[in-house]
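J.: With the sequence up front, the predicted model follows.
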Amino acid sequence: MSRKLFLGLLFLAVIAVFGFSPANIYAKDSVTLKAVTFQGKHVTFVDAYFMFQKRLEKAANGRITVNYIGGPEAIPPFEQIEAVKSGLVDMAFLPAAYYVPQMAVADAVKLSKITPWEERRSGAFDFLNRQHQQKVNAVYLGRFSNGIQFHIYLNKKIDKPDFSGLKIRVTPVYKPFVEALGGVPVTTSPGEVYTALERGVVDGYGWPSIKISDFGWHEVTKYVVDPGFYQVDVCILVNLDTWNRLPKDLQQVLTDVAKEVEHEASDYFNKIIKEERDLITSKGVQVLQFSPDDEKQYLETAYKAGWDRVSSKSPADAAKLKKMIDK
């Protein structure tokens, strides 16, 4: 074996053993960041990530290149937080709800009643950034799904906030809320929802305000309940060690681009939300609305259930963050 080949193999072995990624070994004047997203590139939620990547590479003027390695096919979604934490990847685009086991107060990000830019002014952003650095070895760049709320979609009509006897497909995000209103939570993968609705295995499901049409669920859905509740909590995280190795001016570029994309993504998703509602109602999905008093009760129940869950796991942090995001 030649000396050159031996040294090359030794270098690769060091990378494999110590978990260094090529993104973390970079030339003095440029950096390549390895990135992953919780869903694939053709899923609407991920559009905000590509807005960020495009703006970032342009703003960095060739000094930052992003190596996008893919979505869940590259790293399973619930394992991506550990990939960021360890430095296996440098950057991830994923919901805070996906790393609640590692950072309990992340479960409260969805409960924000203000915009990401308002969170920067209220102190919530700085609080969450510190929490991310301490708990998951990551810098929190912000939340990029402003205004996308969750809704309950049903095949049985209700006229008040009462899910008694209704079997509703849930995720951990809104399971406590469904239970608080008497619903029976059912867990299925998204790929099973259409058939479950078609066969009456479930009477409804929770989902954000965009793109049930991507799955064709509107074809087997009769009602959508207004108002929406919570906010989708998709964030961008950067490995803290990678961040600390970046020159200060490139750290500022990442920060500035994040602030810009918070607004750009908000405008984009607001348009998508309207288009989606117009589409599903044109296909026969009816909107269920409660009386003003019942609507108030519905939302109060939703947020109480959410905060109770966070407080049970991280009471001190929950109390601090609530003052900053619960207007």
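T.: That came through, no problem. Owing to the predicted nature of the structure, the values given are computational and were not obtained by experimental measurement. Numbering: from 1, shown residues only.

J.: How about the contacts made by Gly204?
T.: Ile152, Tyr153, Leu154, Asn155, Lys156, Leu166, Lys167, Ile168, Arg169, Leu197, Thr221, Tyr223 (Cβ atoms under 8 Å, 6 or more residues apart in numbering). All C-beta atoms are positioned from the backbone trio N, CA, C, and that covers glycine.

J.: for this structure, where's the lowest mean pLDDT among helices and strands?
T.: For the chain, using mean pLDDT, DSSP states H and E, the weakest element among its helices and strands is helix 3-18, scoring a mean of 38.

J.: continuing past it, what's the next helix or strand?
T.: As assigned by DSSP states H and E, the chain's next helix or strand after helix 3-18 is strand 31-37.

J.: where do the helices sit along the chain?
T.: 3-18, 47-59, 80-86, 116-122, 124-136, 175-180, 190-198, 240-245, 248-282, 292-313, 315-325 (DSSP state H).

J.: Those: which one's closest to Val31?
T.: helix 248-282 (6.8 Å; Cβ to Cβ).

J.: Please name every helix or strand in contact with the closest one.
T.: helix 47-59, strand 64-70, helix 116-122, strand 138-143 (3 or more Cβ pairs under 8 Å, 6 or more residues apart in numbering; DSSP states H and E).

J.: Name the stretch among these that sits most buried.
T.: Ranked by mean neighbour count, those are led by strand 138-143 with a mean of 25 (mean count of other Cβ atoms under 10 Å).

J.: got the contact list for the residue lying closest to Lys211 once chain neighbours are set aside?
T.: Among residues not flanking Lys211 along the chain, Thr44 sits closest, at 4.9 Å (Cβ to Cβ, 6 or more residues apart in numbering). By Cβ under 8 Å, 6+ apart, the residues touching Thr44 are Ile210, Lys211, Asp214, Ile272.

J.: Same check on Thr188?
T.: By Cβ under 8 Å, 6+ apart, the contact set of Thr188 is Arg169, Ala196, Val201, Val202.

J.: Please repeat the previous calculation with a cut-off of 6 Å.
T.: Arg169, Ala196 (Cβ atoms under 6 Å, 6 or more residues apart in numbering).

J.: if we can go back for a sec, could you identify the buried members of the contacts of Gly204?
T.: Among these, those buried by neighbour count (16 or more other Cβ atoms under 10 Å) are Ile152, Tyr153, Leu154, Asn155, Leu166, Lys167, Ile168, Arg169, Leu197, Thr221, Tyr223.

J.: Mark which of those are part of strands, please.
T.: Using DSSP state E, the subset of these located in strands is Ile152, Tyr153, Leu154, Lys167, Ile168, Arg169, Tyr223.

J.: my read: the fifth one touches Gly182, true?
T.: No - under the criterion of Cβ atoms under 6 Å, Ile168 makes no contact with Gly182, lying 10.1 Å away.

J.: re the thing from before, looking at the helices of the chain, spot the one closest to Tyr99.
T.: That would be helix 80-86 among these, by Cβ to Cβ, at 3.8 Å.

J.: Remind me what the closest one packs against, helices and strands.
T.: strand 91-95 (3 or more Cβ pairs under 6 Å, 6 or more residues apart in numbering; DSSP states H and E).

J.: In terms of secondary structure, what does the strand it packs on contact?
T.: Using 3+ Cβ pairs under 6 Å, 6+ apart, the elements in contact with strand 91-95 are strand 31-37, helix 80-86, strand 234-239.

J.: For Lys160, find the nearest of the ones you listed.
T.: strand 234-239 (31.9 Å).

J.: the domain parsing of the chain - what is it?
T.: Following automatic domain parsing, one gets these domains for the chain: 19-146+232-271, 150-229+285-325.

J.: could you redo the ones you listed as JSON lines and give each row distance to Leu279?
T.: Compiled in JSON lines, these are given as follows (distance: least, Cβ to Cβ, whole Å):
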{"stretch": "domain 19-146+232-271", "distance to Leu279": "13"}
{"stretch": "domain 150-229+285-325", "distance to Leu279": "6"}
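
J.: Format these as TSV; extra columns: distance to Arg277 and mean pLDDT.
T.: Shown next, in TSV, are those (distance: least, Cβ to Cβ, whole Å; pLDDT from 0 to 100):
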stretch	distance to Arg277	mean pLDDT
domain 19-146+232-271	11	94
domain 150-229+285-325	7	96
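
J.: Go through the ones you listed and pick out the most buried.
T.: domain 19-146+232-271 (a mean of 19).

J.: so how far is it from its chain's centroid?
T.: 10 Å (Cα atoms, centre = their mean, to the nearest Å).

J.: now stretch 158-174
T.: With Cα atoms, centre = their mean, you get 22 Å for stretch 158-174.

J.: For Ala59, give its distance to Thr242.
T.: Ala59 sits 18 Å away from Thr242, going by Cβ to Cβ, to the nearest Å.

J.: ok, now which ones touch Ala35?
T.: Counted by Cβ under 6 Å, 6+ apart, Ala35 has contacts Val66, Tyr68, Met91.

J.: repeat that for 8 Å
T.: Contacts of Ala35 by Cβ under 8 Å, 6+ apart are Tyr49, Gln53, Val66, Asn67, Tyr68, Ile69, Val89, Asp90, Met91, Ala92, Phe93.

J.: Since that was my last question, I'll sign off now.
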